[in-house]
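K.L.:
Structural data only, the sequence is not supplied:
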Ligand SMILES: [Zn+2]
């Protein structure tokens, strides 16, 4: 599997002790380089204002540019809890460039890729950066695909946290399915926040008790979610918001799920993309334990390199009862 990244992504928060650290790209890339079957590709560029404008109003783009330039060392962005410095906005632009390049690669040869980028993006709303996120990387990709090809995109978010920024983009060709701890930061994504728009786009929130979930339950719920996407959504592209802070031991999240769950999820996503015949891209969101990020990406790469067939066989009964009810209601909402 090709992992698309850029060494310049380490410049954001270089001299800080913030958990969203340069090591999340630099140390992870160095470790992945040593793995057979993983090819690191560095071919990013800085996305321009026109590209960011697919999601973010120019007034917000100007605000981020101004506040990053003016930051004395590091300072919080005025719209939310994102620490920024002089290099932060160029790094965020480069993260978007990496994601767009990575998807172009998938379109060219059909092989799934992993965009190893930072800062993450799923908390960034159109006019409000927050939760370590400046711009919504996956949202910009989805809007770009919609604008250039008319594609309907399903964004599947496995991060510990709910992607309030991505949820804000549902509609006009964007669907969003998210499993996340709830109630927990950022507070959104509760069991009542479900929708199917007139255009057929879906919002499906799968809130998990913050005390955790069994590994089998987590795998089974994503198998169920994938079956839903295949049967009643049938998107033209699948983007995984791949945050690994759900893994046991993460210092920020931690749902008690074993690291090897990433391989089982990858098999589910590979089968889904294969059945639909559509491109599949993973984009890093959160995850603050370096070994968990490395281990999860290695698991994902192994599945895609083997072109693994078959299913995980996780028991549907392992899915918590309240989530089974949410699935049942979502399937009625056609
Ligand atoms: Zn997260």
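P.N.:
Structure received. Everything numeric in this text was worked out from a predicted model, so none of it was measured. Numbering: from 1, shown residues only.

K.L.:
Show me which residues of stretch 310-322 are buried.
P.N.:
By neighbour count on 16 or more other Cβ atoms under 10 Å, the buried set for stretch 310-322 is 312, 314, 318-320. Every C-beta, even on glycine, is put in place using the N, C-alpha and C of the backbone.

K.L.:
Make JSON lines from these and add distance to the ion, secondary structure and pLDDT to it.
P.N.:
Shown next, in JSON lines, are those (distance: Cβ to the ion, whole Å; DSSP: H, G, I helix; E, B strand; the rest coil; pLDDT from 0 to 100):
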{"residue": "312", "distance to the ion": "23", "secondary structure": "coil", "pLDDT": "86"}
{"residue": "314", "distance to the ion": "23", "secondary structure": "coil", "pLDDT": "90"}
{"residue": "318", "distance to the ion": "23", "secondary structure": "helix", "pLDDT": "95"}
{"residue": "319", "distance to the ion": "22", "secondary structure": "coil", "pLDDT": "96"}
{"residue": "320", "distance to the ion": "20", "secondary structure": "coil", "pLDDT": "97"}
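
K.L.:
Out of those, which is nearest to residue 47?
P.N.:
Nearest to residue 47 out of the buried residues of stretch 310-322 is residue 312 (Cβ to Cβ; 35.9 Å).

K.L.:
what's the closest non-adjacent residue to that closest one?
P.N.:
With Cβ to Cβ, 6 or more residues apart in numbering as the criterion, residue 312 has its nearest non-adjacent residue at 4.5 Å, and that residue is residue 264.

K.L.:
Would you confirm that that neighbour contacts residue 310?
P.N.:
No - using Cβ atoms under 8 Å, residue 264 makes no contact with residue 310, being 11.1 Å away.

K.L.:
What about this protein, which residue is the most distant from its middle?
P.N.:
Farthest-out residue of the chain from its mean C-alpha position, per Cα atoms, centre = their mean: residue 72, at 30.3 Å.

K.L.:
quick one: pLDDT of that one?
P.N.:
As predicted, residue 72 sits at a pLDDT of 86.

K.L.:
And it, how close does it get to residue 130?
P.N.:
With distances taken as Cβ to Cβ, to the nearest Å, residue 72 is found 21 Å from residue 130.

K.L.:
Then residue 224?
P.N.:
30 Å.

K.L.:
roughly how far is stretch 140-156 from the heart of the chain?
P.N.:
With Cα atoms, centre = their mean, to the nearest Å as the basis, stretch 140-156 stands 14 Å off its chain's centre.

K.L.:
repeat for stretch 275-282
P.N.:
Computed by Cα atoms, centre = their mean, the chain-centroid distance of stretch 275-282 equals 15 Å.

K.L.:
Show the end-to-end separation of that stretch, please.
P.N.:
Using Cα to Cα, to the nearest Å, the end-to-end distance of stretch 275-282 comes to 18 Å.

K.L.:
Identify the residues contacting that stretch?
P.N.:
For stretch 275-282, contacts defined as Cβ atoms under 8 Å, 6 or more residues apart in numbering pick out 99, 102-103, 106-107, 110, 112-115, 141, 230, 234-240, 242, 269-270, 272-273, 300.

K.L.:
ok, 7 Å please
P.N.:
Applying Cβ atoms under 7 Å, 6 or more residues apart in numbering, the external contacts of stretch 275-282 come out as 102-103, 106-107, 112-115, 230, 234-240, 242, 269, 273, 300.

K.L.:
Is there contact, residue-wise, from stretch 200-212 to the ion?
P.N.:
No - shown here: stretch 200-212 not in contact with the ion (Cβ under 5 Å from the ion), separated by at least 12.5 Å.

K.L.:
any idea how far that stretch is from the chain center?
P.N.:
For stretch 200-212, the distance to the chain centre is 14 Å (Cα atoms, centre = their mean).

K.L.:
quick check: mean pLDDT across it?
P.N.:
98.

K.L.:
when you give positions from now on, start the count at 27
P.N.:
Taking 27 as the first residue, the last one we looked at is stretch 226-238.

K.L.:
quick one on the thing from earlier: which parts of the helix or strand hosting the residue nearest to residue 338 are buried?
P.N.:
Of the helices and strands defined by DSSP states H and E, residue 290 is found in helix 287-302. Of the residues in helix 287-302, 287-299, 302 count as buried by neighbour count, 16+ other Cβ under 10 Å.

K.L.:
could those go into JSON lines alongside distance to the ion and pLDDT?
P.N.:
Formatted as JSON lines, these follow (distance: Cβ to the ion, whole Å; pLDDT from 0 to 100):
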{"residue": "287", "distance to the ion": "15", "pLDDT": "98"}
{"residue": "288", "distance to the ion": "15", "pLDDT": "98"}
{"residue": "289", "distance to the ion": "20", "pLDDT": "97"}
{"residue": "290", "distance to the ion": "20", "pLDDT": "97"}
{"residue": "291", "distance to the ion": "16", "pLDDT": "98"}
{"residue": "292", "distance to the ion": "19", "pLDDT": "98"}
{"residue": "293", "distance to the ion": "23", "pLDDT": "97"}
{"residue": "294", "distance to the ion": "20", "pLDDT": "97"}
{"residue": "295", "distance to the ion": "19", "pLDDT": "98"}
{"residue": "296", "distance to the ion": "23", "pLDDT": "97"}
{"residue": "297", "distance to the ion": "25", "pLDDT": "96"}
{"residue": "298", "distance to the ion": "22", "pLDDT": "97"}
{"residue": "299", "distance to the ion": "23", "pLDDT": "97"}
{"residue": "302", "distance to the ion": "27", "pLDDT": "98"}
